[in-house]
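Novice: Quick check, what structure comes out for this input:
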Amino acid sequence: MTAARDDLPSSLPRPAGELEQLERIWRTPRGLAFLTTVNNTNIGLLYIGTALLFFILAGILGLMIRAQLAVPENALLSAGTYNQVFTMHGTVMMFLFAIPVVEAIAVFLLPGMLGARDLPFPRLSAYAFWAYAVGGIGFFLSLFAGLAPDGGWFMYPPLTGKEYSPGLNADFWLLGIGFIEISAIAGAIELIVGILFTRAPGMTLGRMPVYAWAMLVVGVMIVFAFPAVIAGTTLLELERAYDWPFFIPGRGGDPLLWQHLFWFFGHPEVYIIFLPAAGMVSTMIPALAGTPLVGHRSIVAALVAVGFFSFALWAHHMFTAGLGLLETSLVSAASMAVAIPTGVQVFAWIATLWRGQVRINAPTLFLLGFMFIFVLGGLTGVMVAVLPFDWQVHDTYFIVAHLHYVLIGGMVFPMFAALYYWMPLVNGNRMSERVARWVFGLMFGGMNMAFFPMHITGLLGMPRRVYTYSPEMGWDLLNMLSSVGAFILALGVLLFMVDAVRTLRLPEREHGNPWRASTLEWLPADEYATRSIPQVASREPLWDHPQLAREVADGAHWLPGSATGRRETIVTSPVRARPLYLQVLPGDSWWPFAAAVGTAGFFLLLTIKLTLVAWACGIVAVASVLAWMWQSDRPPAQRTAKVADDVVLPVGVTGPASHSWWGTVIMLVVDGTIFASFLFAHIHISMRLEVCPPPGSRLPAPLWPLLSCGLLLAGSLLIEWTRRTAVAGAPVRMGEQGWQRLAIALALACMLGAFAADLRGQVLAGLDPTAHAWGATVAAMLAYQGLHAVLLFILACYLLARSWTGRLTPPGRATLDNCALVWHYATLQGLCIEAVVRWLPQLMG
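Specialist: Residues are numbered from 1 along each chain as shown. Purely as a prediction, here's the structure:
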C-alpha cells in the first residue's frame, strides 16, 4: 500500500469492511436474476454481443446476395426472396448493427474512461438494450415467415405504399425500425448526460478523451437526426393503415417528402457511425505509438465540424430526384467541404504515428487497414459529390462500392481494432496475435477483392438491386471476383469469432495496462468500477501520474466506499468538472426488462394485427415505466454525504441542477424534432398547392382555436403553480396538498378540453384526412398533440398518486419538475399547431 499524500482526497489506510461493502452493493445477480442487471458494464457487454450477432446474420444475408450474383441468370434465389434478402441485409447492418454497436461500445467503455462508477441512467440503458434485443430478434425472424420487408432498406414510396406492397412486409419495417430508433435515442440521452455530468473531478472538457468528445457529438446528432425517420415511418404507416395520402401524388401527396425525411436521418447516420470509430482511433493510436495525440484540439474541432456539416448533406442522395440546380449545387459544395475536417483527423493520426514508435500488433494492423480503405471511400465520396458524375453512377454498383468502402473502412475495421485493443478489459486476456494476422489478411484482402471491382461494374452500367443479369452484359468476371472476395472476408470474420470465443473461455485475471495507455479505463476495476473515483489533473492521467492506479485501488481518491449504503457516483459540473452532488443510482430491477419486452411486443404484435394482445403489451410497458419512476424518485435518506476527507456534498438535487432535469430537456428536444418533422411535412405539402387550404377543405372557425389556446395556457399556469408550491423549503401542509391535487386535476381538464376544442373545430370544418394530403398533415399534427394529451393524463394520475401518498414534497419533487417541463412543451406545441394551421394559408395568400 502506498503512503498517504497530503494532496490526495481521502486518507489511507481505509476503514475495514469498506471494500467488502462496495463489492456487496455492486454484486451482479446470478442465474435468471441476471436479466435484472442494470450495471452499464454488464449491459455494454450484452449490447456488444447482440450487435455482433446481428453483424453475423447480416453478413450471411450478404453472402446469399453474392452467391446469387456470382454468375449470370442464377436461380439460387427467386426475385421475391432476393428482394427480402437485400432489404434485410441493409436494414440489419444499418439499424441493428452499425448504430447499436457504437452505442454498445460507449456504454461499456465510457464509465471507466470518464472515471465514473456508472452512467447516470443505468435503468434507461437496460431498457434500451432489451428493447433493441427482443425487438430486433423478432424483426429478423420475419424473414423466416416470408414477411420480411422487400422495398429496400430506404423504403421509398410509392413502391412501399399499400397499392404496390399490400402485405405486411413493409409494416414490419415501419413499426420495427420505429421502436429500434427509440431505443437508440434512449441510449443517446444516457450518453450525453453521462459525458457532461459524471466525469471524474478535474476532468475538464479540455482534458476529456477524444472518444468521449466523439460520443458527445454523436449523441447530439442522434437527438436531431433520428426523429426525422421516426416521423417519416409514422406518416407512411398512417398512409398504409388509414389511407392518409401523404405520399400519393394523385391526392396532393409527394413521394419526395419521404426522401427528405429519410435522408435527413440517413446521411447524418453515416457520420454517426464514423465519428465513434474516429474517436476510438484517436484513443488507440497514442497508446500504440507511445506518444500524445497530435492536434488534440484540432481533432475535437473537426469532430464538431463533421457533425455540423452532416446535416447539410441529406439532399446528396437526391441529386437525380429533380431538385433545383441551386439547391443541388449548394449540397454538392457541402459534400466536398465535409472532407476538410475529416482530412484534419487523418493527417493528425498519420502525424502521431510518425512522431511515435509504432508497435505492429493486431490493433495497429486494423488501424492501418482502416486508413487505407477509408481514404479510398472518401475519395469516391468526393467523386459522387460532383453533380454530372453522380447523375451517371447513381443507383449503380459504383455507389454500392463507395458505401461499403466508407462503412467497412470507416467503422468495421476500427471496431475490430477496438475489440482487439479493449478485449483485456473483459477478462484480462489478449487475443492471439498470430491468429490476428490471419484475420487481418483475410478481411483486408477479401474486402478489397469484394468491393473494388464493383466500382468498375457500376461504371459499366450494372444497376443496384437486380437479382440477376444477362451474360451478354460482360459483368461475369467482376461479379465472380466480388463474390469470392466476400467469402474470403467472411472467413476472416469467422476466424476472429473463433479466437474471441477461445479468449473469453480463458481464466479471468487482472487486465493491467497491456498497451501502456494513458486513459482511465485501464485503472484497476471490478463490478463497482474503480475503488475510488480519480482526481484528474491532465489530459494523459496515467502517463503524467504513474502512481494513480495504485492510489485509486487503495481508495485514496474520491468516494472510496459507499456513503449511503447504495450504488452512487459523483456528479460534476459540465465544463470544469467540479464536484456538485452525490447521485444515488438505482439498483438492479425487473422493471426495465418488463418495459422493454412490453414495448417490443406492442409494436411487433400490432404489425401482425393482434391488436388486443399488442395493447396489453403496451399497458405492461407503461405500467413498468411508472413503477420504475416511482422507485427512482425517492427523497434521500440523508441530505449530505462525505465523499472525501474534507468534502461533503448534497445527496441528490432537484430542478435545473439535476441530471434528470437535463435528461428530460434532451428528451423534449427529440420530441420537438419529431413535431418539427410533421410541421415540415405540412409546410412541404402546403407549398405545393395553388390554393391553401385546397378545394374541399377549410379552416375551423376562430372560436375553437382561441378556446384551445386559452385552455392550454391555463393548464400550464396551474401546473407551474403546483411546481412552485413544491419548491418551497418548508414541508407541504395537508391543506396545500389538497390545493396541489386540485390544481393538477384542473390542469389536466384544461389540457383535455383544449384538445377537445381543437378536434371539435376541425370536425365542424369538415376535416377529412383521406381526401387530400393537406388534411392528412393537419390530422397527423392533431393526432400527435392528442398523444401528448394521453401522456399528460397518465402523468397527472401519477402526480396525484404521489400527492395522495405524501411524496410530492420539496426533497422528492424531481418527477414533478420533469412533468412540468413536459406539460409546458405540450402547451407550446399546441400553440404552434394553431398558429401554423391558421396563419400559413394567409401568409401564402
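Novice: Just name whatever secondary elements the lengthiest helix in the chain is in contact with.
Specialist: Scanning the chain for the helix with the most residues, using DSSP state H, yields helix 255-289. Based on contacts counted as 3 or more CB pairs under 8 Å, 6 or more residues apart in numbering; DSSP states H and E, the elements that helix 255-289 packs against are helix 99-114, helix 210-242, helix 296-310, helix 339-355, helix 362-384, helix 397-407, helix 413-422, helix 659-687. C-beta coordinates here come from the backbone N, C-alpha and C atoms, glycine included.
Novice: Flag the shaky bits of this structure, pLDDT-wise.
Specialist: 1-6, 727-736, 845 (pLDDT under 70).
Novice: Show me the strands in it, by range?
Specialist: Ranges of strands within the chain are 568-572, 579-584, 640-644, 647-650, based on DSSP state E.
Novice: and the longest one with strand 568-572, angle?
Specialist: In other words, strand 579-584. Relative orientation of strand 579-584 and strand 568-572, computed by axes from the mean of the first three to the mean of the last three CA atoms, to 10 degrees: 150 degrees.
Novice: how far out from the middle of the chain is strand 579-584?
Specialist: In terms of CA atoms, centre = their mean, to the nearest Å, the centre of strand 579-584 is set 26 Å apart from its chain centre.
Novice: And for it, what's in contact with it?
Specialist: Here strand 579-584 makes contact (CB atoms under 8 Å, 6 or more residues apart in numbering) with 120, 198, 201, 558-559, 563-564, 566-573, 636, 641, 643, 647, 649-653, 657, 659.
Novice: thinking again about what came up before, can I get the strands of the chain in CSV including mean neighbour count?
Specialist: As requested, the strands of the chain are exported to CSV (neighbours: other CB atoms under 10 Å):
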stretch, mean neighbour count
strand 568-572, 26
strand 579-584, 22
strand 640-644, 19
strand 647-650, 16
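Novice: Format these as TSV; extra columns: distance to Q68.
Specialist: As requested, these are exported to TSV (distance: least, CB to CB, whole Å):
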stretch	distance to Q68
strand 568-572	51
strand 579-584	53
strand 640-644	61
strand 647-650	62
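Novice: Distance-wise, check the residue lying closest to M447 once chain neighbours are set aside relative to W153.
Specialist: The shortest distance from M447 to any residue other than its chain neighbours is 5.2 Å, reached at L489 (CB to CB, 6 or more residues apart in numbering). When distances are taken as CB to CB, to the nearest Å, L489 and W153 turn out to be 20 Å apart.
Novice: of those two, who's got more company?
Specialist: Between L489 and W153, counted using other CB atoms under 10 Å, the more crowded position is L489 (26 against 18).
Novice: how close does that one sit to F496?
Specialist: When L489 is compared with F496 (using CB to CB), they lie 11 Å apart.
Novice: Common neighbours of those two, please.
Specialist: M443.
Novice: which residues does G307 contact?
Specialist: The neighbourhood of G307, defined by CB under 8 Å, 6+ apart, consists of V217, V218, V220, M221, P268, Y271, L275.
Novice: Would you mind confirming that the first one is in contact with A305?
Specialist: This means V217. No - applying CB atoms under 8 Å, one finds V217 not in contact with A305, separated by 9.6 Å.
Novice: Mind checking which of those two has more residues around it?
Specialist: More neighbours sit around V217 than around the other of V217 and A305, counting by other CB under 10 Å; the figures are 26 against 17.
Novice: give the contact list for the more buried one.
Specialist: If you count contacts by CB under 8 Å, 6+ apart, V217 has them with L275, L303, V304, V306, G307.
Novice: got it, and W391?
Specialist: For W391, the contact set (CB under 8 Å, 6+ apart) comprises F319, T320.
Novice: burial measure for T664, as a count.
Specialist: T664 - counted by other CB under 10 Å - has 21 other residues nearby.
Novice: Can we start the residue count at 21 from this point?
Specialist: Got it, first residue is 21 now, which makes that one T684.
Novice: Quick check: chain neighbours aside, which residue is closest to it?
Specialist: Leaving aside its chain neighbours, T684 sits nearest to N838 (4.2 Å; criterion: CB to CB, 6+ apart).
Novice: Contacts only, for the one you found.
Specialist: Contacts of N838 (CB under 8 Å, 6+ apart): S680, W681, T684.
Novice: what ranges do the helices span in the stretch 721-865 of the chain?
Specialist: 723-747, 754-784, 793-824, 834-864 (DSSP state H, counting those that start in this stretch).
Novice: Sorry, wrong one. I was asking about the stretch 21-170 of the chain.
Specialist: Secondary structure of the stretch 21-170 of the chain, counting by DSSP H, counting those that start in this stretch: helices at 38-45, 60-89, 99-111, 119-134, 142-161.
Novice: Mind putting those into a markdown table with distance to I428 and mean neighbour count?
Specialist: Compiled in a markdown table, the helices of the stretch 21-170 of the chain are given as follows (distance: least, CB to CB, whole Å; neighbours: other CB atoms under 10 Å):
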| stretch | distance to I428 | mean neighbour count |
| --- | --- | --- |
| helix 38-45 | 42 | 15 |
| helix 60-89 | 11 | 20 |
| helix 99-111 | 13 | 20 |
| helix 119-134 | 13 | 26 |
| helix 142-161 | 21 | 25 |
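Novice: As JSON lines, the ones you listed with distance to G607 would be great.
Specialist: Converted to JSON lines, those look like this (distance: least, CB to CB, whole Å):
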{"stretch": "helix 38-45", "distance to G607": "8"}
{"stretch": "helix 60-89", "distance to G607": "13"}
{"stretch": "helix 99-111", "distance to G607": "36"}
{"stretch": "helix 119-134", "distance to G607": "16"}
{"stretch": "helix 142-161", "distance to G607": "9"}
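Novice: out of these, which comes closest to E571?
Specialist: Comparison of those against E571 by CB to CB identifies helix 38-45 as nearest, at 14.7 Å.
Novice: quick one: contacts of the closest one?
Specialist: Residues outside helix 38-45 that contact it (CB under 8 Å, 6+ apart): D546, E547, Y548, R551, G575, P580, G581, S582, G585, R586, R587.
Novice: Show the contacting residues for the third one.
Specialist: Looking back up the chat, that one is Y548. If you count contacts by CB under 8 Å, 6+ apart, Y548 has them with L42, E43, I45, W46, R137.
Novice: rerun at 10 Å
Specialist: Taking CB atoms under 10 Å, 6 or more residues apart in numbering as the contact definition, Y548 lies against 39, 41-47, 59, 61, 137-138, 581-582, 587-588.
Novice: separation between it and E588?
Specialist: 10 Å.
Novice: Now list whatever residues contact both of those two.
Specialist: Common neighbours of Y548 and E588, counting by CB under 10 Å, 6+ apart, are L42, I45, R137, D138, G581, S582.
Novice: Show me the two of those residues that sit farthest apart.
Specialist: D138 and G581 (15.6 Å).
Novice: These two: which is more packed in?
Specialist: Counted by other CB under 10 Å, D138 and G581 do not tie: D138 has more neighbours, with 25 against 22.
Novice: Settle this for me: that one is touching N60, isn't it.
Specialist: Yes - D138 is within contact range of N60, at 5.2 Å (criterion: CB atoms under 10 Å).
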